[in-house]
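Asks: structure of the sequence below:
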Amino acid sequence: MPVWRSAMADDSPRYRAAAFGWHKRGNFGHGMELVFQSVDEIELAAISDPVEAGRAASLARLEKAGQPAPKVYSEYEKLLKREKPDFVSIGPRFVAPHREMCLAAISAGVKGLYVEKPFLLSPAECDEVLSAAEAKGTKIAVAHRNAYHPSLEPLCHFLLEGGIGKIHSVQGRGKGDGRGGMVDAWVLGTHVFDLMERLTGGLESVTATIMKNGATFRPSSRDDLIESREEHGLVGGDGVEARFTTGHGWAATFSTMANDEAGNETFGMRIFGSEGEVNLRCDQQCLAWVKLGNPYDVKNGETWRPFNPQGLGVPVTADDQLAITQSMSHETGIRDLMRAVEEPMHEPVCSGADAARTIEVLAGIVQSHRDGGVLKTLPLTDRSLDMGQLSLDFLANPLARA
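Replies: Just a heads-up that it's a prediction; the model follows:
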């Protein structure tokens, strides 16, 4: 990824931006009203939140960051009509409000959307929003910020060029805190799925089992499911075991269990090869660590070394550190989205279509489990993602009950 330099001091903003939040429905996500602050070409003109406490908290964060106070709205529809922003960040960490917010912004003529993850609630919603955006020429990027890390592309080349020998397996995990199972897959797993897509040549099929207390989760009624506190719809179980086929022919898996007692150290991927292993750690300054040598040899005395933007063990330069900082603050994502608006042939590095693939994976996990672990080819024919249907299908499907 490139290093971005600040605009000249006499350059005035040429774009207007807005940020949408929703107090106690994910608020403004991970500081989504702050993502424009380092981009001189964009002025944050307004924010919206239907709850006064949310608006006040957002203004306080902006003030603390040294940003001028924008206009404030309780309704994003009125903001769109009056302010006519060029860019909008869709901030709620809870996914349920995203569809209506995205469609309203697209309809209002917004040029670029930067959306908090997870993107949307189902493949069907993704189809709807992406179709609307294409019709209006709106560019969409999603805040999977690890995709913009300057070490990621060099790491892809390193693996393909045999840096750790023949790849044996790619093992992704969620955070494994109290939100295990499908909630962990939604909240943290989408980061992992996005990176898996980029590193493995694409996820082509999935087989999966949703677990409960170490056994297959077999809901006997809808009462066995609960409403997700983070508005993913009905959820159940406390673990997920999924296996993927990939474009590069590498075996890949994703696992999560609630309260795994690993201190949140599991979030990311382990990649094992015949001549080494990679420990990829999501949302960290150093994206990946590499240990060369046979990973199965207990006498292997090699140590872990950082994989930096210039390669394995190469010291981080000032430009490297700036690029890392810009990727983690979302500046790289916003500037890349701005480029996509200005150069229509350019698609954002983490586009709406890319993020839709992570939602497809979630749907594939649920549908495979629903049908008794049957392999589901990606993209899916069934565009739904509804765990509420699981109880009905388990009762009706002898294969699933086996």
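
Asks: can you give me how far stretch 20-35 is from the chain middle?
Replies: The chain centroid and the centroid of stretch 20-35 are separated by 15 Å under CA atoms, centre = their mean, to the nearest Å.

Asks: i'd like the first residue to be 57 from this point on
Replies: Got it, the first residue is 57 from now on, which makes the last one we talked about stretch 76-91.

Asks: got the end-to-end distance for it?
Replies: Using CA to CA, to the nearest Å, the gap from the first to the last residue of stretch 76-91 comes to 12 Å.

Asks: then stretch 297-306?
Replies: In terms of CA to CA, the two terminal residues of stretch 297-306 are separated by 17 Å.

Asks: in that stretch, what's buried?
Replies: Using 16 or more other CB atoms under 10 Å as the burial criterion, the residues of stretch 297-306 that qualify are 297-302, 306. Every residue, glycine included, has its C-beta placed from N, CA and C.

Asks: quick one: average pLDDT of that stretch?
Replies: Stretch 297-306 carries an average pLDDT of 98.

Asks: before we move on, what about stretch 276-285?
Replies: Mean pLDDT, taken over the full extent of stretch 276-285, equals 85.

Asks: which parts of that stretch are buried?
Replies: Residues of stretch 276-285 classed as buried by neighbour count (16+ other CB under 10 Å): 280-281, 284.

Asks: and that stretch, how far from the chain's centre?
Replies: 25 Å.

Asks: what does stretch 135-144 give?
Replies: Using CA atoms, centre = their mean, the mean C-alpha position of stretch 135-144 is found 25 Å from that of the whole chain.

Asks: ok, and what's touching it?
Replies: The set of residues external to stretch 135-144 that reach it, using CB atoms under 8 Å, 6 or more residues apart in numbering, is 71-76, 92, 98, 101-104, 127, 129, 157, 160-161, 164-170, 390, 393-394, 397.

Asks: if you set the cut-off to 6 Å instead, what comes out?
Replies: When contacts are defined by CB atoms under 6 Å, 6 or more residues apart in numbering, stretch 135-144 is touched by residues 71-74, 101-102, 104, 129, 161, 164, 166-169.

Asks: same question, stretch 168-176
Replies: The set of residues external to stretch 168-176 that reach it, using CB under 6 Å, 6+ apart, is 85, 88, 143-147, 149, 151, 154-155, 161, 182, 195-200, 242, 246, 393, 397, 411, 415.

Asks: now, which of the buried residues of stretch 297-306 lie within helices?
Replies: Within these, membership in helices is found for no residue, as judged by DSSP state H.

Asks: columns distance to Leu255 on top of those, output as a markdown table?
Replies: Compiled in a markdown table, the buried residues of stretch 297-306 are given as follows (distance: CB to CB, whole Å):
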| residue | distance to Leu255 |
| --- | --- |
| Glu297 | 20 |
| Ala298 | 16 |
| Arg299 | 16 |
| Phe300 | 12 |
| Thr301 | 14 |
| Thr302 | 9 |
| Trp306 | 9 |
